[in-house]
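Student: 3D model of this:
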Amino acid sequence: MAEDSGLEKPDTGALSPEQQEKLRQFKIKTRIANEMYMRAHPEVEILLSDFLRQAYSAINLCLAVSKASDHFNDPDLPRKIQAKVKDSGFTYLPHHIPFSLNLMRRTRSEKCHCFMRAFVAPLSWAAVLQNATQLDMKQLRTLLWAAKPLLETMPPSPLVLPATVQSSHLAEMMKFLCEVFSSLSEGQREQIRQWMKHRVLENDPSCQQNVTLSATPEKDVPKDREMVGKNDETSLAENSSKQRSKVEEREINSSSPGCAARKPWLKAEVLRMMGRFVSRLTEEDVNSIPANELCKFFQSPEFLPSFTNVGEMQPVNGQNFYQRLKRECSNGSQTFLNHLDRLGSLACFYDDAQSLNATLSKKLLYQLGNCENSGTDKMKKEIVRKMMSDSEAPPTLELLRSLGASASVLPAAKLASVSSEVLRDTLSSLSQAQWMPAQAMDINGETLLAMGSMVRGVESELLKRINSQGLLRNQGLKNISEKMSSLQKKALLVGMQINVSMPDLVKQLPDPLLPSLSLSTLDKANINSVDQVDGRSWSRAQSVYLLKKIFGKTIKPQQIRSLGQAVQGVTCDMVGNVNQSDALEMAQALANFSDWLSRSQVHCIAHSLFLSLEKQRPAYFTNISDAELLAIPALLLVHLPYVTLTELPDSDNCGKNASELSPAEVLSLGPVICELDPTWISSLKPSAMNSTLQALATCGYIPYSYRGPLFKLLISTYGDPSGWSEDVMKSLGPLLLWNDTALEMLPSKAWLKSYLSDLLDRMLAQAAAPTPEKFRFKPDLLALRHKLFWLKTGLNQQRRRREVSSGVQPSLSEPTLSVIEDLGQGNVYWSPTQLFNMTAQTFKDAVSVLGEIRNYTAEQLSVLKKKAVEVWGDVTMLNETQIVELGCVSQGFNEKQLQNLNITSLDTLELLSVCNWNQTQMAAIWQGFTDKTGLKILKLGALEMVGLGSFICGLQPNQTDQLNTGEFKEAVGEIGRVLCPLSALECLKRKAVAAFGDPKGWGEAEVSTMGNTIAGLTATELASLKSSVLPFIQQSAISLIPPERLVALSVSQLRALGPDNAAMITDTQRQRLAMDQRAAVDEAVGLAIRSDSISSTTSPNAMPQKGDPLYQDYTEL
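Tutor: Residues are numbered from 1 along each chain as shown. Below is the predicted model:
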C-alpha cells in the first residue's frame, strides 16, 4: 500500500512458496466473488458512494484512531473518536450515514454486511455521542443498531455515554443498552445506572433536591456502600470508580437547584425503562421506590424481562426486592405464590419451601436452576425431599422430569437405583445439572454429546474408544470437554488420534482440550505460523514452545497483536532483542494482553522499554512530556526505580492539604486508595474519611503493615465491630477479614450469619496454586469459615472455650443433614465427639459432602471411618461408587484396609488423588490397585500415568525407573502437578532426565511443563539451569526445593527467578542463603522494604489481638 495510507504492507516474502501460491489463489477467488456480488447487489454501489465518499473525512478519522488504538482492543477508542470528530469540526450528521446503514439493515444476509457494520460501529457510536440531541428517532435507532458490535466487544473500562439525551429518546437508549447488558462489566453497568438517574433528574422539571453531606461519618449508616464482588472483571479501579460516582452523584444532587429533597426518582415508568439495569440499583434506591410505583412495575409486562439473565445480583438487593414485593404487592403469601413464575432472578431469594404445593415446587425448581447465591442448594434439597413421598423408592420418570437440572441434589445411592430406560428418557434435562463425580459416575448414556454435565461420570475406558467422527468442530464437544477431568481429556484425545492426523486434530480441537496436548504431540502438528496460534487457549508451556518454534528469539510488535493468549510464551530474550525504535510499540502491544502476562514478563518488558528510552534521550524521565508519559502503559510505569518515580510530574495536584480534600477528590485516586497510610487517612475531614474507609472495603489487598493501624482507625471511628449495625457491617465488613480476632468476636445474630454467608460466596475463588502473602490479593477465608461454623451450628464459641479450659465436657450438637450441607467445607470444624454423635442415616445421606474435605485431623478421620463401617460394613464390602462418595474420608483407613479397597478404575484413583495422602497410604492404594487389576508397571501408558494422579508418588524407586520413557514424556505435564515427597520427586526427576536430556539443556517449555518435578533436581543440576528458564518454573515447585539445594543457585539465577517465583521462597529456604543471595531475591521480588520505612514501634502484627486493651471487654463474653 502507499505510504501515505499509514498502513504497512504485509511481508509476503516471509511466506513459504506453498503459502504464497495459496495467497495468490485466494486473491483471484476473492476478486471474482466481489465482482459477482457487486453485479448481484447494485445497492452496494449506493452504499459506497453515499456513505464512504460523502462521509470520507469522518471515516479517515476512524481509520486514524483505529490504527493508533489497535481497533476494539483500546478501551478509549470511542473517546478518541469523539475527540477527533470534534477537533475536525465535524459536528453535523450527514443524512447519507443513516440512509446507508438502513440499506445494510435491509440486506437479507448478515454475512453481507457484518464486516461493514463492525467497521462503522465506532463511527456510529461517536455520531450518537456528538449529535444525541439533534437526531430524530429513526436516525437514533439506526445508529444504535450499527454501534452495537462496538459495545458488545468493549473491554471492561469506563464507557463514554451521551452527556444529554432528549427525554423522548431515553427509552430507546436504555432499550439498546439492555440489549448489550450481558457484554458489559459490572463497572459499566453501574456507570449506566448512574447515567440513567442523572438523565431522569435533568428531564424532570419538578425535581428539587437539596441533600447535603453529613459533616461527620455516620457510625450507624455509612452512605457509600459497596460489597466485595465475585466477578473477576470487577477490578479495584472499577470499585473505586463506583465509590467516586456515588459521592459525585450526591454532590451533584445536593447542588442541583429546583429539586425537592430526596424526591423519589424511581417511578414505574422509569423502572420499566431501565430494564435489566433495575437489578443493579443500590440498596438505598430499592428502599426509596414508592410502594405503589413498585407494585405497578411488578404488574407490568416488563417486570420479568428486567430480572431475566441479569447475572448475579447483590444478595442484599435481591432479598430486599423480594421481601418488598411479597409484603407490599400481594394480599398474602398464598396470593404472592401465584406470581412465582414471574419473579425471574428474584426467585433465587425465595425462603419458604414448606408453603409450596407440588405444582409450585416444580416451578420454583426450574427457576432455581441458574441461581448461585447462598442458600439456593439448601432450598433445592428441601423441595426435592418434600417431593419424594417415599424416601426408599427409586426416583420415578415423572419425578426426574420435574426435577430437571435440580436432580443433582439427589444422593448417589438414589441415582444408582434409576433404570437405564428412565435415564434415557430424562437425559436432556439431567444433562443441564451440576453433578458431583460420585453422582454422575452412575449415569452413563449412549450419546456423548447429549450428556452435558453428566459427562463427568463417563469412564475413561469408554472415552478412549470413542470415534472422532461427528465430534470435532461440534459445539457440543467444547461444552462437555469443559467439564471433563484431566484423565478424561487425555482418554478422549487418545481415541481421536486413531483416525485423524495430528495437524487436523489440533486445528479442529476445542480450546478446553488444547492444554492436554503434550509438547511432543504438538511438535507433530506442523504449526509454523502466527495464524495457526491466534485465538487459541494454549497453556504457558505450549505458548513458549510454539513462539520459539515460529519466531526463534526475535518477534515484531505487529506479530504480538495476533498472539492472543499465547503471549504467555514471550520470553525476556524476545523482548530484549526488539529494535530500539520498536520498543515502545512492543510494550504497548504486550500491555493489551496484561491479563495473560506474568509479573516476570511485565518486569522484563518495563526494564527493556526504560533502557531503550534512556538510550534514545538521556535523562528521558527527568524531562518527559505529558504525551510521552501517557504513551507508556501504566502497567509498566510502576516498575520505574523509586527515585525516577518521585521525579515524574504529579498526575493530580489538588493544591490542598489532606484536611481540605473532598470525598470525590480522594476517590479519584482509584486503586491507589488501597495503598494509603491509615495515618494520612485519619487527617482527612470526616466526610472524606468516611468515603475513603468504605472504598478500602472494596480493596482485595491491604499492605501488611497498614492493617493494624487501619483497624484501630476503624474502631475509633465506628466503634467496636461487635456493636456495628447491619448497615455498617455491609459497608465495612470486608475489612474485618484482615483481622481474625475481630471476626471471632462478632455477636451471634441472624442477619450477621446471612451477611457473612453472602460475603463468603462473593469472595473470589482461592487460587489453585499457593499464593505468596506479598501477592495475595484477598484475605485468608479460614477465619470467616470458622465464624460461620459457630453461627450456623448455633454453638456459643466463648462458652465452649471456657468449658474446655475448665475441664468440663462441652455442650454437644448433633450434626444434621441440612447443617452439614449448609456448612460445606466448614464441616472440618466439628469436634470428633460431635461427629461420633451423628446418626448413621445422616452420615449415609451426607457422606459425599463430608468426603470433599481434605484436611480432617486424625481424630476426626478415625470417627468418620467407624461411621463408614457402621453404615456399609467392612471395607472389603465397599463398591467403587461408595468409595468415591467417601472421598477423603478414606484417609482414615489403615494401610491394610486401603490395600483391600475394591478399586479397579483409574477414574476412581484420579478422584481420590486430591486428598492429602502420605507416602505409605499412596503405596498401599497403588499396591491394592495393581493386585486387583493385574496391571504391570511396564504396561503403564501415558493415560494410566495421568490417571494415577498423586498415587504415582507411591511407586517404588525401581518401579519409577521401569516406566516407559516415551509414555512418561507424554504425561509429564499432568505428573508435574502432583505434590510428591522429595524421595518420589527425585525418582520422577531421573525419568525426566531420561526423557528430556541433561537439565542444562532444558528450555523454557520443558521447565514449565515439568512442574513440581523440577524440585527433584540435585544442587548441581539446579545450578546448571539457564537463567532464562527460571521464570518459567512453576510457582508450586519453588517451596518444594530443599534449602540445601536452593542455595546452589547463583545471584544472577536468583534474580532471574522473577517476582512470582522469588516470592515463593520460604523463610527456611531464605535462612540458608548468603547475604548477596538474599539481596538478589529481594530485588527479584521487587518489594524490598527499607529498614526505616516501618516504625520501630509498629509491628506488622499490630492488630488488636486477644489481651489487647481494645478487646478487654470481650474476655467476659
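Student: For S562, see how far away the closest residue to P149 other than its chain neighbours is.
Tutor: Closest residue in space to P149, ignoring its immediate chain neighbours: A121 at 4.4 Å, by C-beta to C-beta, 6 or more residues apart in numbering. In short, each C-beta sits where N, CA and C put it, glycine included. Counting by C-beta to C-beta, to the nearest Å, the separation of A121 from S562 is 21 Å.
Student: Looking at these two, which one has more neighbours?
Tutor: Neighbours were counted for A121 and for S562 using other C-beta atoms under 10 Å; A121 has more, 24 against 14.
Student: For the more buried one, pull up the helix or strand it's in.
Tutor: Per DSSP states H and E, A121 falls inside helix 110-131.
Student: and if you look at R1078?
Tutor: Per DSSP H and E: helix 1075-1085 holds R1078.
Student: Could you list every helix and strand that that helix packs against?
Tutor: Packing partners of helix 1075-1085 (3 or more C-beta pairs under 8 Å, 6 or more residues apart in numbering; DSSP states H and E): helix 1051-1056, helix 1058-1062.
Student: hey, which of those is tucked in deepest?
Tutor: When the helices and strands packed on helix 1075-1085 are scored by mean count of other C-beta atoms under 10 Å, the highest mean neighbour count falls to helix 1058-1062 (a mean of 24).
Student: okay, that helix in CSV with CA atoms only?
Tutor: Only the C-alpha atoms of helix 1058-1062 are listed here, as CSV (Å, rounded to 0.1, in the frame of the first residue of the first chain):
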residue,chain,number,x,y,z
GLY,A,1058,11.2,-13.1,38.7
PRO,A,1059,8.8,-11.7,41.2
ASP,A,1060,6.3,-14.7,41.3
ASN,A,1061,8.9,-17.4,41.9
ALA,A,1062,11.1,-15.4,44.2
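Student: can you give me the mean pLDDT across the next helix or strand after it?
Tutor: Counting by DSSP H and E, the element after helix 1058-1062 in chain order, helix or strand, is helix 1067-1071. The average pLDDT within helix 1067-1071 is 94.
Student: Repeat that for stretch 791-801.
Tutor: For stretch 791-801, mean pLDDT rounds to 65.
Student: Same check on stretch 827-834?
Tutor: On average, the pLDDT along stretch 827-834 is 94.
Student: can you check stretch 1026-1044 too?
Tutor: 95.
Student: likewise stretch 23-40?
Tutor: Averaging pLDDT along stretch 23-40 yields 64.
Student: Likewise for stretch 512-532?
Tutor: 90.
Student: ditto for stretch 558-568
Tutor: On average, stretch 558-568 scores 89.
Student: Now do the strands in the protein.
Tutor: With DSSP state E as the definition, the chain shows no strands.
Student: got the domain boundaries for it?
Tutor: Domain ranges of the chain: 25-182, 527-649, per automatic domain parsing.
Student: thinking again about what came up before, name the residues of the helix holding R1078 that are buried.
Tutor: Residues of helix 1075-1085 classed as buried: 1077-1078, 1080-1082, 1084-1085 (neighbour count, 16 or more other C-beta atoms under 10 Å).
Student: Outside of that helix itself, which residues are in contact with it?
Tutor: Helix 1075-1085 is contacted from outside by 774, 1047, 1049, 1051-1052, 1054-1059, 1061-1063, 1065, 1070, 1073, 1088, using C-beta atoms under 8 Å, 6 or more residues apart in numbering.
Student: residues touching L955, list them.
Tutor: If you count contacts by C-beta under 8 Å, 6+ apart, then L955 has 923, 926, 937, 963, 984, 987 around it.
Student: these two touch, right, the fourth one and A992?
Tutor: To tie it back to what came earlier, the one meant is L963. No: using C-beta atoms under 8 Å, L963 is not in contact with A992, being 10.7 Å away.
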